[in-house]
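**Q** pasting a predicted model and its sequence here:
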Amino acid sequence: MGAARRTSAAPARRVPAGVAAGHPATAEAGAEVLRAGGSAADAAVAAVLAACVAETVFTGLGGGGFATYYDAATGKVTCLDFFVAVPGLGSDRDPAPMTVLEVAFGGVPQAFSIGAPSVAVPGVPAGCAEVHRRWGRLPWPDLVAPALALAGAGVLLPPTHATVLDLIAGGLAVGEGAAVYAPGGTLATGGDTLAHPGLDRMLALLAAEGPAAFYRGSTADALVDVVRAGGGVLTSADLAAYAVHEVTAGAAPFAGGTVVRARTDLNRCRDTFAALPSGLGTMTAPARAVAVAGALGGPDLLGDTTNVSVVDGDGNACVVTTTMGLGSGVWVPGTGVHLNSMLGEGELLIGPQVPGARMGSMMCPLVVTDPDGLVAAAGAAGASRIRTALVHTLVGTIALGLPAAEAVAGPRTHPVGPILHVEPGLRPEVVAGLRRSGWRLRAWPRRDAYFGGASVVGRTGAGADPRRDGAVAVP
């Protein structure tokens with residue numbers, strides 16, 4: 001973090017209402033619901049469902065995720081786990097071999113596995129419904145309506161999404177996905193319109209029947225049939241048994257007193273915040289950059305993820321992160337729903353994979369609070385870079401008091417072993433300080449989605465990551 005500290009007047013203590021997300025259509029869906037009188041939870045649900053139409057390179061109804069909700073009246077923080085579950089309840093067979101797909105991300109080839117055997121039990125429809133049940137104000141069909149409109153019209157593919165699509169086309173532009181992402185045999189590029197035939201009908205069913213439309217009945221039967229036909233082990237019992245879990249929202253000190261409230265993730269994101277020095281805001285830029293780089297670390301993994309951060313006019317906040325992995329290449333016939341490939345994400349396969357159990361994840365939607373209440377609501381995409389994006393963003397907005405948009409867009413560093421990947425924009429003395437501290441630097445020629453995608457709504461405003469063509473909308 002090489003940005004200069006701002007010396008302007010302290011920001012207002014109240015967080016203004018707003019939505020930060022990974023696509024303009026996603027952000028606008030959330031803001032539309034806020035304007036209609038919806039809560040932060042309502043807006044987040046509407047935005048997540050819109051992302052399942054507008055950001056299908058990263059997420060979809062066939063994926064899973066996590067939500068963190070802050071209640072302004074009580075100060076209570078609640079985390080919900082609607083990540084994917086291990087399939088196989090009542091199955092009488094072993095999964096077939098998966099298809100190996102090699103992806104070069106960050107210049108390093110990585111192997112992933114896709115196909116029907118990689119499909120875990122999806123959680124996004126159930127998770128959205130549970131967030132609405134607990135904290136929603138508006139009728140459920142009103143929250144599905146923006147996504148339904150997008151599905152009928154099609155959505156523009158942003159340039160950065162198209163760049164990721166080019167990397168992982170082997171998991172997306174196959175089978176039913178070929179007509180979506182490579183119509184006429186040519187891969188879609190930035191500015192093209194994506195349409196998912198059948199997704200409007202699936203969303204209409206979801207609006208009318210709630211999550212039951214996905215987990216039971218004809219859609220569930222079609223989902224099970226297509227997975228099992230391809231050698232997977234997902235069963236009707238898996239779908240019927242799926243439930244959203246509430247998990248502990250632990251706390252960690254940050255920036256001399258503020259507290260990060262988040263779930264425990266495989267990246268140990270909360271522990272990273274706790275390990276940062278308390279005086280970040282008063283350090284020199286080189287010393288601060290060295291401290292941030294030293295606190296980060298871990299494996300370098302590809303992740304297709306997206307995030308929505310929302311604060312409403314009452315000060316409630318809802319942050320939701322969702323993913324479907326690379327995507328399995330398996331589509332539920334007639335629904336426009338692409339299924340996740342989470343069982344092919346080797347770094348998530350920790351310990352025995354017991355049918356019905358939740359898989360682990362690096363996702364970490366969080367809120368930051370202090371004695372005056374909410375400071376920021378933030379989340380990020382990018383597997384091992386989720387932590388990187390969150391740390392850089394929150395150091396900027398909270399420790400340095402930068403406008404949120406500036407903090408999100410600022411240059412990031414990400415360590416992989418002894419090598420520190422560095423975006424352009426760091427001041428020369430910061431780069432020199434990192435080298436003196438022992439890092440071997442790999443300079444990137446431009447700002448890149450490799451470094452994760454953050455979205456934040458806080459006291460210094462709202463910011464969405466330009467690395468993923470993110471957008472902000474206000475009610």
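**A** Yep, it's here.
**Q** touching, residue 203 and residue 46? I think so.
**A** No - Residue 203 is beyond contact range of residue 46, at 11.6 Å (criterion: Cβ atoms under 8 Å). In short, each C-beta sits where N, CA and C put it, glycine included.
**Q** the two: who's more crowded?
**A** Legend: neighbour count by other Cβ atoms under 10 Å for residue 203 and residue 46, higher for residue 46 (33 against 29).
**Q** looks to me like that one is in a strand.
**A** No - according to DSSP: H, G, I helix; E, B strand; the rest coil, the state of residue 46 is helix, so it is not within a strand.
**Q** where's it relative to residue 39, distance?
**A** Applying Cβ to Cβ, to the nearest Å, the value for residue 46 to residue 39 is 11 Å.
**Q** what helix or strand does the most centrally placed residue in the chain sit in?
**A** Nearest to the mean C-alpha position of the chain, counting by Cα atoms, centre = their mean, stands residue 306 at 3.0 Å. According to DSSP states H and E, residue 306 maps onto strand 305-311.
**Q** give the pairing partners of that strand; include direction for each.
**A** In the sheet, strand 305-311 lines up against strand 18-21 (antiparallel), strand 317-323 (antiparallel) (DSSP bridges).
**Q** now the shortest one - C-alpha only, CSV.
**A** Meaning strand 18-21. Output in CSV follows, covering the C-alpha atoms of strand 18-21 (Å, rounded to 0.1, in the frame of the first residue of the first chain):
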residue,chain,number,x,y,z
GLY,A,18,-25.1,2.6,-1.7
VAL,A,19,-24.3,-0.5,-3.7
ALA,A,20,-20.9,-1.7,-5.0
ALA,A,21,-20.8,-4.7,-7.2
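**Q** in this structure, where is pLDDT below threshold?
**A** Where the chain drops to pLDDT under 70, the residues are 1-12, 104-109, 297-304, 346, 349.
**Q** what about the longest strand in it?
**A** The residue-count maximum for a strand in the chain (DSSP state E) belongs to strand 373-381.
**Q** measure how it sits relative to strand 317-323, angle-wise.
**A** 10 degrees (axes from the mean of the first three to the mean of the last three Cα atoms, to 10 degrees).
**Q** so what's the gap between strand 373-381 and the chain middle?
**A** Put simply, strand 373-381 sits 13 Å off its chain's centre (Cα atoms, centre = their mean, to the nearest Å).
**Q** parallel or antiparallel, which strands does that strand pair with?
**A** Strand 373-381 has these partner strands in its sheet, going by DSSP bridges: strand 366-370 (antiparallel), strand 453-458 (antiparallel).
**Q** name the helices or strands packed onto the following helix or strand past the longest one?
**A** Tracing the chain past strand 453-458, the next element assigned as helix or strand by DSSP H and E is strand 461-464. If contacts are counted by 3 or more Cβ pairs under 8 Å, 6 or more residues apart in numbering; DSSP states H and E, strand 461-464 sits against strand 18-21, helix 404-409, strand 453-458, strand 471-473.
**Q** using JSON lines, lay out these together with mean neighbour count and distance to residue 83.
**A** Listed next are those as JSON lines, based on neighbours: other Cβ atoms under 10 Å; distance: least, Cβ to Cβ, whole Å:
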{"stretch": "strand 18-21", "mean neighbour count": "32", "distance to residue 83": "20"}
{"stretch": "helix 404-409", "mean neighbour count": "24", "distance to residue 83": "25"}
{"stretch": "strand 453-458", "mean neighbour count": "33", "distance to residue 83": "19"}
{"stretch": "strand 471-473", "mean neighbour count": "23", "distance to residue 83": "25"}
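**Q** and these as TSV, adding distance to residue 386?
**A** Listed next are the helices and strands packed on strand 461-464 as TSV, based on distance: least, Cβ to Cβ, whole Å:
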stretch	distance to residue 386
strand 18-21	15
helix 404-409	14
strand 453-458	9
strand 471-473	19
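**Q** how much space between the closest residue to residue 362 other than its chain neighbours and residue 67?
**A** Distance criterion Cβ to Cβ, 6 or more residues apart in numbering; nearest residue to residue 362, sequence neighbours excluded, is residue 267 at 4.3 Å. Plainly put, residue 267 is 18 Å away from residue 67 if you go by Cβ to Cβ.
**Q** just want to know which of the two has more residues nearby.
**A** residue 67 (29 against 24).
**Q** from residue 215, how far out is the residue nearest to residue 97 when sequence neighbours are not counted?
**A** Counting by Cβ to Cβ, 6+ apart, residue 97 lies nearest to residue 117, which is 7.0 Å off, once chain neighbours are set aside. Residue 117 sits 21 Å away from residue 215, going by Cβ to Cβ.
**Q** and those two? which has more neighbours close in?
**A** residue 117 (24 against 20).
**Q** need the contact list for that one.
**A** Contacts of residue 117 were listed using Cβ atoms under 8 Å, 6 or more residues apart in numbering, and they are 95-98, 230-233, 343-344.
**Q** repeat that with 7 Å
**A** 95-96, 98, 231-232, 343 (Cβ atoms under 7 Å, 6 or more residues apart in numbering).
**Q** apart from its neighbours in sequence, what residue is nearest residue 180?
**A** Residue 180 sits nearest to residue 196 (Cβ to Cβ, 6+ apart), 5.8 Å away.
**Q** tell me if that neighbour really is in a helix.
**A** No - applying three-state DSSP, one finds residue 196 to be coil, outside a helix.
**Q** that one: neighbouring residues, count only.
**A** 26.
**Q** isn't it up against residue 335?
**A** No - applying Cβ atoms under 7 Å, one finds residue 196 not in contact with residue 335, separated by 8.9 Å.
**Q** could you pick out the buried ones from the contacts of residue 117?
**A** Those of the contacts of residue 117 that meet the buried threshold are 95, 98, 231-232, 343, by 16 or more other Cβ atoms under 10 Å.
**Q** just to revisit the earlier point, wasn't the residue nearest to residue 97 part of a strand?
**A** No - under the criterion used here (three-state DSSP), residue 117 is helix, not part of a strand.
**Q** how close does it get to residue 111?
**A** Plainly put, residue 117 is 15 Å away from residue 111 if you go by Cβ to Cβ.
**Q** returning to what we had before: export the strands paired with strand 305-311 to CSV and tack on distance to residue 422?
**A** Output for the strands paired with strand 305-311, formatted as CSV (distance: least, Cβ to Cβ, whole Å):
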stretch, distance to residue 422
strand 18-21, 25
strand 317-323, 25
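**Q** so which of these is nearest residue 167?
**A** Residue 167 lies closest to strand 317-323 among the strands paired with strand 305-311, at 15.3 Å (Cβ to Cβ).
**Q** which other residues reach that closest one?
**A** Contacts for strand 317-323 (Cβ under 7 Å, 6+ apart): 40-41, 44, 48, 51, 58-59, 63-70, 124, 131, 303-311, 363, 365-367, 374, 377-379, 381.
**Q** partner strands of the helix or strand just after that strand, with direction?
**A** Later in the chain than strand 317-323, the nearest helix or strand by DSSP H and E is strand 331-332. Sheet partners assigned to strand 331-332 using DSSP bridges are listed as strand 337-338 (antiparallel).
**Q** report the distance from the strand it pairs with to the chain centre.
**A** 17 Å.
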